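J.: Sequence isn't available, so here's the structure alone:
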């Protein structure tokens with residue numbers, strides 16, 4: 001049983017309260033019960049903390065006087081809550097071994113500590129590292145490498161020539177290494193450009209459900225160490241995503257674009273092909289990035305929702321913006337004269 005004392009030790013927190021108080025789960029600051037841990041990261045929600053029924057709250061020193069229950073004093077409550085969540089993770093941990101229904105090519109090398117689930121197919125020359133988990137109905141294509149302690153959830157398709165670094169997590173229904181969208185028009189139709197590159201995914205990457213990462217046309221598509229990708233993202237051929245970059249759901253990145261390290265792209269951001277985004281750029285949701293970004297900062301272009309009548313009027317005025325600008329320039333020239 002985890003207690004507040006043990007939790008404080010693991011998190012490097014200062015405990016104000018009973019070290020023997022058991023903690024068996026996590027809760028929101030409004031709904032946590034007397035055996036659950038919660039946190040306060042934003043002082044705006046302090047009124048909820050003052051009424052909380054939690055066993056303890058992760059807070060900063062400045063909020064200690066307002067906490068009615070046990071407190072774990074830390075510098076960053078949200079980060080510590082993320083770290084604490086690992087102690088209560090309920091994800092299944094399959095035993096090592098190969099399920100009887102799995103189909104594994106004789107040339108594949110599967111570490112004896114790995115877990116291979118029902119109906120998994122592992123093709124020729126595949127390498128599966130120590131402690132890796134490949135769950136039901138997943139397919140790993142020829143020559144691919146699954147690093148140590150990787151977890152591949154059910155129904156994932158990994159094509160040939162894909163490399164996953166250690167501790168990477170691939171959620172259900174992802175497709176890694178499918179052909180990029182490459183065709184040349186021949187006058188009457190389209191001639192396929194065969195995609196001869198691969199996919200290289202670094203260490204400690206997490207890719208959400210239903211995301212697709214296309215293989216490179218010539219060179220590899222690359223996702224750097226520590227990057228996190230949400231559900232239903234499209235990464236086209238030859239894209240390079242830097243280390244520790246975060247992409248929210250429905251982001252689409254067209255071919256041969258490069259995203260720097262420590263970037264954050266909000267939901268449904270679109271990135272045109274053959275452009276570069278430098279390190280430490282934040283792009284707000286629904287933005288279209290059609291040219292390179294060379295300076296760190298926050299960028300956005302999407303219009304927020306508005307009442308329909310006013311929105312239509314603003315759109316009509318926007319269409320007249322060029323005409324209005326020319327009229328202003330003409331007036332300025334007249335004024336100068």
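T.: Structure's in. What do you need? Remember, predicted model here, so these are calculated numbers, not experimental data. Residues are numbered from 1 along each chain as shown.

J.: secondary structure class for the nearest residue to residue 305 once chain neighbours are set aside?
T.: Once flanking residues are discounted, residue 305 sits nearest to residue 311: 8.0 Å by CB to CB, 6 or more residues apart in numbering. Quick note: C-beta positions are derived from backbone N, CA and C, even for glycine. Here residue 311 is recorded as helix under DSSP: H, G, I helix; E, B strand; the rest coil.

J.: Any regions of the stretch 201-337 of the chain where pLDDT drops low?
T.: Scanning the stretch 201-337 of the chain for pLDDT under 70 picks out the ranges 336-337.

J.: now the helices for it?
T.: 308-319, 321-336 (DSSP state H, counting those that start in this stretch).

J.: so can I have a markdown table of those helices showing mean neighbour count?
T.: Output for the helices of the stretch 201-337 of the chain, formatted as a markdown table (neighbours: other CB atoms under 10 Å):
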| stretch | mean neighbour count |
| --- | --- |
| helix 308-319 | 10 |
| helix 321-336 | 9 |
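
J.: thought residue 256 was touching residue 221?
T.: No. Under the criterion of CB atoms under 8 Å, residue 256 makes no contact with residue 221, lying 9.6 Å away.

J.: Please convert the helices of the stretch 201-337 of the chain to CSV, extending it with distance to residue 216.
T.: Converted to CSV, those look like this (distance: least, CB to CB, whole Å):
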stretch, distance to residue 216
helix 308-319, 39
helix 321-336, 40
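
J.: how about those helices, which one is nearest residue 19?
T.: Ranking the helices of the stretch 201-337 of the chain by proximity to residue 19 (CB to CB) places helix 308-319 first, at 57.2 Å.

J.: and the closest one with helix 321-336, angle?
T.: Put simply, helix 308-319 runs at 60 degrees to helix 321-336, going by axes from the mean of the first three to the mean of the last three CA atoms, to 10 degrees.

J.: Now do helix 308-319: distance to the chain's middle.
T.: On the basis of CA atoms, centre = their mean, to the nearest Å, helix 308-319 is displaced by 35 Å from the centre of the chain it belongs to.

J.: Please identify which of residue 256 and residue 221 sits among more neighbours.
T.: residue 221 (29 against 19; other CB atoms under 10 Å).

J.: Please report how far residue 19 lies from residue 86.
T.: Counting by CB to CB, to the nearest Å, the gap from residue 19 to residue 86 is 20 Å.

J.: sorry, back to before: residues shared between the contacts of residue 256 and residue 221?
T.: 236-239 (CB atoms under 8 Å, 6 or more residues apart in numbering).

J.: Residue ranges of each domain in the chain, please.
T.: 4-88, 97-299, 306-337 (automatic domain parsing).

J.: Single out the most deeply packed of those.
T.: Highest mean neighbour count among those (mean count of other CB atoms under 10 Å): domain 97-299, with a mean of 19.

J.: show me the contacts for the nearest residue to residue 182 once chain neighbours are set aside.
T.: Spatial nearest neighbour of residue 182, excluding adjacent residues (CB to CB, 6+ apart): residue 193 at 3.6 Å. By CB under 8 Å, 6+ apart, the contact set of residue 193 is 182-184, 217.

J.: Now, those that are in strands?
T.: 183-184 (DSSP state E).

J.: Residue 108 contacts residue 125, doesn't it?
T.: Yes. If you go by CB under 8 Å, residue 108 and residue 125 touch, sitting 6.7 Å apart.
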